[in-house]
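Peer 1: With the sequence up front, the predicted model follows.
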Amino acid sequence: MPLFKKKAERRKSLSRKEISLARLENFRKEVITDHHMVQLGELCRRFQTDRENGLTPDQAASVLQKTGPNTLTPSHKVPEYIKFIKTLTHGFSLLLWIGAFLCFTAFIIRKFTTHEIDTDNLILGCVLVVVVVVTGCFMFFQEHKSQKIMESFANMVPPKATVIRGGETMTVMSKDLVVGDLVEMKFGDRIPADIRIIQSQGFKVDNSALTGESEPQYRGTDCSSDNILETKNFTFFSTNAVEGTAKGIVCETGDRTVMGRIAGLTARLQPNKTPIARELEHFMKIISVWACFLGVVFGSAALAMKYSWIEASLFLIGIIVANVPEGLLATVTVCLSVTAKRMAAKNCLVKNLEAVETLGSTSIICSDKTGTLTQNKMTVCHFWCDGRIINADSTTQQHEAEEYNKSEGFQTLMRCATLCNRAEFVHGEEDKPIQSRQVRGDASEEAILKFVELSHIHGNPADFRHKNPKLLEIPFSSVTKYQISIHAMEEGNCLVVMKGAPERILARCSKMCMKDGTEEMTDEMRILCDRAMTELAEKGERVLGFADLMLDSSYTKDYKFCAEPPNFPRKDLRFVGFMSLIDPPRPQVPDAVERCRSAGIKVVMVTGDHPITAKAIAQQVGIITAKEVIDAYNINTIETLPPNLKDKAIVIHGTALRDTTNQELDGILHSFKEIVFARTSPTQKLHIVESCQRLGEIVAVTGDGVNDAPALKKADIGIAMGISGSEVSQQSADMILLDDNFASIITGVEEGRRIFDNLKKSIAYTLAYEKAESDIMMRPPRNPKKDKLVTRKLYFLAYGHIGMIEALGGFFVYFAIMAENGFMPTRLLGLREEWDSETVNDLMDSFGQEWTYIHRKELEYTCYTAFMISVVVTQWADLIVCKTRINSMFKQGMGNMVLNVSLIVETVVACMLSYLPYMSYLKFYPILFRWWCYSFPFAIFIFIFDEARKWHIRKYPSGWYRKETYY
């Protein structure tokens, strides 16, 4: 037996990061299950439960111990102080910290070597620290207002649930719910888990947050689809029950529910760096290399000129710090903040400041349909009576309604629609516009009630119902697909009115209401009705049929009508017409989509709604303009796409998308200009965003539902709706449209493009408040790989053109003043050692005059001051020419009052430094007015030269100046 046992190899434990990544990959997968398809007996055996008595309390406790509570697992939180430190040290801030460190290093070296206090470097170092800390604090409080994504999901969890355990009905905490529990649900409840329905009485749920469907969805016991998100026998965690009652078996809890997977995916996704952050990082690398290169070159030159290593080191540090644009970080922050404030005034709330510029770089917008492109409220858009389809007038003025109001067929249809309707207006809102009034009832009946109220054919609907009281009602059922009510009419007879699925209504009718009265329904009439029904359905509208029957005198208001079994006629009714409803597009959207096209931005619809509805809305708003549209309902269609796709549009069903590879999806997004994705799951929306990003696009995603949250988080910029948007979508987004208006995005695009333009100009001069150039929305989105914030062209123009002229003006003033005081340029060569010697007090100038050390230094500092003044004067022109990149200044104008004031302030500060007493302590001395004038020709030359350069760019778009100086 061995003396020592070999230690069993310990299994390597996963780090917190690895666990989080593993969970993320798991959440990315599509929900694949057969819980909704297997026989109920098999499901009960699988979960060891009973369809009548549920689990026993002991079973429930055992399952709870194994699977854990029915809660959402929070992701790891980064402490706020770590976030603050990262804000202070990320990107460009790091370069300023290095600059401050070099300033303090130079101060310390001079202090310990020459025992002098170098106030210049000390002050500059302190200024750099203050700039970084102030801008860092501002950015932190703007961007890191604690993101509460998981908390917003947690708010969707109902506190309690009603379960049957061991045959007894009890109320338990939702977190104690387990797989196999038998749950009772009723209208008003929030669904506590993913549940398979086993009993249902008119049960409806609101799935809009999860699937984007505007209307409440019926839930019964029959499996209607392989896709769990579309089947009718399943309800999902955190959706709302809006009507009826039901009983079901819990199939998934907590993180394993559909909503739990969305929550986990959203919380763990890491968004990409914003384009402006990448640009600043790129600029930081360039400026760091450039500053170090210049520092080494001039430091080496100083050593070659026999300066001491300490003086050469200080010179090297000075050159490096001088090339660090200390004001750029503050400029960027001011630019973003000013624009964010301006956008807030236009109902765009910016949560992440950098997202402002991202919107300007956007090349593709993936937009949700319901609540974003549409109004998220059902509206009657067409009706059919008297043998023709008529546009419904939903305006308050009712001008178009005058054409059909007097029609007897329309009046009959309105009578039926008024009486066969359970919806009613909420009391106390009579003074509000009809479309703004709240209604008790489902979305379809609300739309019909508002249309009836607007038409006002039979007066107030409530009064009309009161005059013709209801004697019996059979509510809508998913089995019968119709609703019946019987009314005692004012005339004394009883009227049966019916509303429902058009094919079911037509099957029960033998007569038809026509222009000339009631006629027997013929085969030709049925064909006419079928054509009208198909035409409306193809527009993506929900079609309802209406019928009535005036009962004979044996049926009076005292007759005991009975629903089960029915003791009144339900056949041989009179068909009175159709009404079609749709969630209509917002009126501003078509123009906004057109403006996106002109700006080179591709708009793609990504929705959970039905493909026919999605296609119809896309055509109405202009997302689809092609004559030929490919409907891809399965993978076979995608695999057999024709080669020439430029002039075609495509509508892709979620089922086809589920079987599509990344390469195929990339190919579709690259080949088609007009695309609609319908019946998409939250995971598929995320895949679409990632595919766009793989193609190098800057992606904006708009949405309002929980199902949009992962895509909103992953997008380069996520845009949520402020009114109809869920809390989850708003927490996941970078920007919120307070008025839910898609057209506001165009405002953001223009503002974002203006920011990038102004930041480019800010490399040459600070321009945070400059208005956009006139062609900014006619340009295509910038290519992030080519159109950088800092380019070779910008350096060439700044250093090789404008900078050279400014430097020439400064040196001209410097040598002119020296010459006026006796030192010609040739005399200054090789004079440094004697000039800086405190012992030489009889230095001869070009005319034989003797200069003491103090007087020489006064002249030197006067020339320094004049050089600064020359820079100020030439920068007047530089500032003005930097207002535009291509347009003439005469076209742009001087309407930027902040800039105009800054010109005056800059000049006043220069005067104060030169003429105020005691400025000599800062090495500034007064200069004569004529010395100001020496710089004017250079400033005028800068203006004329740049106007000529821009004129040449406009006239010759392919010319040398365009290629080499258009930055």
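Peer 2: Thanks, I have the structure now.

Peer 1: who does the residue nearest in space to the middle of the chain bridge with?
Peer 2: In the chain, the centroid-proximal residue (Cα atoms, centre = their mean) is Ile719; its distance is 1.7 Å. Listed by DSSP bridges, the beta-bridge partners for Ile719 are Thr702, Met735.

Peer 1: Same check on Arg165?
Peer 2: Beta-bridge partners for Arg165, by DSSP bridges, are Glu168.

Peer 1: how many neighbours does Ser62 have?
Peer 2: 14 (other Cβ atoms under 10 Å). Just so you know, the C-beta spots here come from the backbone N, C-alpha and C atoms, and that holds for glycine as well.

Peer 1: Name the secondary structure element that contains it.
Peer 2: Using DSSP states H and E, the element containing Ser62 is helix 57-67.

Peer 1: avg pLDDT for the helix or strand following that helix?
Peer 2: Helices and strands here follow DSSP H and E; after helix 57-67, the next one along the chain is helix 80-89. For helix 80-89, mean pLDDT rounds to 79.

Peer 1: buried ones in helix 80-89?
Peer 2: For helix 80-89, the neighbour count (16 or more other Cβ atoms under 10 Å) marks Lys83, Phe84, Thr87, Leu88 as buried.

Peer 1: Stretch 923-941 too?
Peer 2: In stretch 923-941, counting by 16+ other Cβ under 10 Å, buried: Lys923, Phe924, Tyr925, Ile927, Trp931, Trp932, Tyr934, Ser935, Phe938, Ala939.

Peer 1: now swap in stretch 695-714 and tell me
Peer 2: 697-714.

Peer 1: And stretch 887-906, by the same measure?
Peer 2: So, applying 16+ other Cβ under 10 Å, buried residues of stretch 887-906: Asn887, Met889, Gln892, Asn896, Leu899, Ser902.

Peer 1: Glu538 and Pro611 touch, don't they?
Peer 2: No - taking contacts as Cβ atoms under 8 Å, Glu538 lies outside contact range of Pro611: 11.7 Å.

Peer 1: who has more neighbours, the two?
Peer 2: Applying other Cβ under 10 Å to Glu538 and Pro611 shows that Pro611 carries more neighbours, namely 21 against 11.

Peer 1: Contacts only, for that one.
Peer 2: Asp631, Tyr633, Val651, His653, Val676, Ala678, Arg679 (Cβ atoms under 8 Å, 6 or more residues apart in numbering).

Peer 1: Which pLDDT value does the model give the last one?
Peer 2: Pointing back at Arg679 there. For Arg679, pLDDT reads 84.

Peer 1: If we ignore the residues flanking it in sequence, what's nearest it?
Peer 2: Gly654 (3.7 Å; Cβ to Cβ, 6 or more residues apart in numbering).

Peer 1: which residue ranges form the helices in the stretch 201-350 of the chain?
Peer 2: For the stretch 201-350 of the chain, helices defined by DSSP state H, counting those that start in this stretch occupy the ranges 208-211, 258-268, 275-304, 309-322, 326-344.

Peer 1: For the first one, the averaged confidence score.
Peer 2: What that stands for is helix 208-211. pLDDT averaged over helix 208-211 gives 72.

Peer 1: Could you pull out the buried residues of that helix?
Peer 2: Ser208, Ala209, Leu210, Thr211.

Peer 1: what do you get for stretch 219-226?
Peer 2: Neighbour-count burial for stretch 219-226 [16+ other Cβ under 10 Å]: Arg219, Gly220, Thr221, Cys223.

Peer 1: before we move on, back to that, show me the one of the helices of the stretch 201-350 of the chain that comes nearest Tyr404.
Peer 2: Proximity to Tyr404 (Cβ to Cβ) singles out helix 208-211 among the helices of the stretch 201-350 of the chain, at 32.3 Å.

Peer 1: rewinding a little: tell me which of the helices of the stretch 201-350 of the chain lies nearest to Ile688.
Peer 2: It's helix 258-268; of the helices of the stretch 201-350 of the chain, that one is closest to Ile688 (Cβ to Cβ) at 14.2 Å.

Peer 1: Quick check: which helices or strands does the closest one pack against?
Peer 2: Judged by 3 or more Cβ pairs under 8 Å, 6 or more residues apart in numbering; DSSP states H and E, helix 258-268 is in contact with helix 16-28, helix 149-154, helix 682-694, helix 709-714, helix 727-732.

Peer 1: thinking Glu711 is in contact with Ile365, fair?
Peer 2: Check again: residue 711 is Ala, not Glu. No - look at Ala711 against Ile365 with Cβ under 8 Å: they stay out of range, at 11.8 Å.

Peer 1: any shared contact partners between these two?
Peer 2: Val701.

Peer 1: quick one, whichever strand or helix holds Cys126 and helix 326-344 angle?
Peer 2: According to DSSP H and E, Cys126 maps onto helix 119-143. Angle of helix 119-143 versus helix 326-344, following axes from the mean of the first three to the mean of the last three Cα atoms, to 10 degrees, is 30 degrees.

Peer 1: Touching the helix holding Ser62 from outside, list them.
Peer 2: The set of residues external to helix 57-67 that reach it, using Cβ under 8 Å, 6+ apart, is Gln48, Thr49, Leu55, Arg165, Gly166, Asp176, Val178, Val179, Gly180, Asp181, Thr253, Gly254.

Peer 1: Give me the PyMOL select line for those residues, limited to the buried ones.
Peer 2: Burial among those is assessed by 16+ other Cβ under 10 Å; the matching PyMOL selection reads:
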select buried, resi 49+55+165+176+178+179+180+181+253+254
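
Peer 1: May I ask which two of the contacts of helix 57-67 are separated the most?
Peer 2: Farthest-apart pair in these is Gly166 and Gly254; separation 23.2 Å (Cβ to Cβ).
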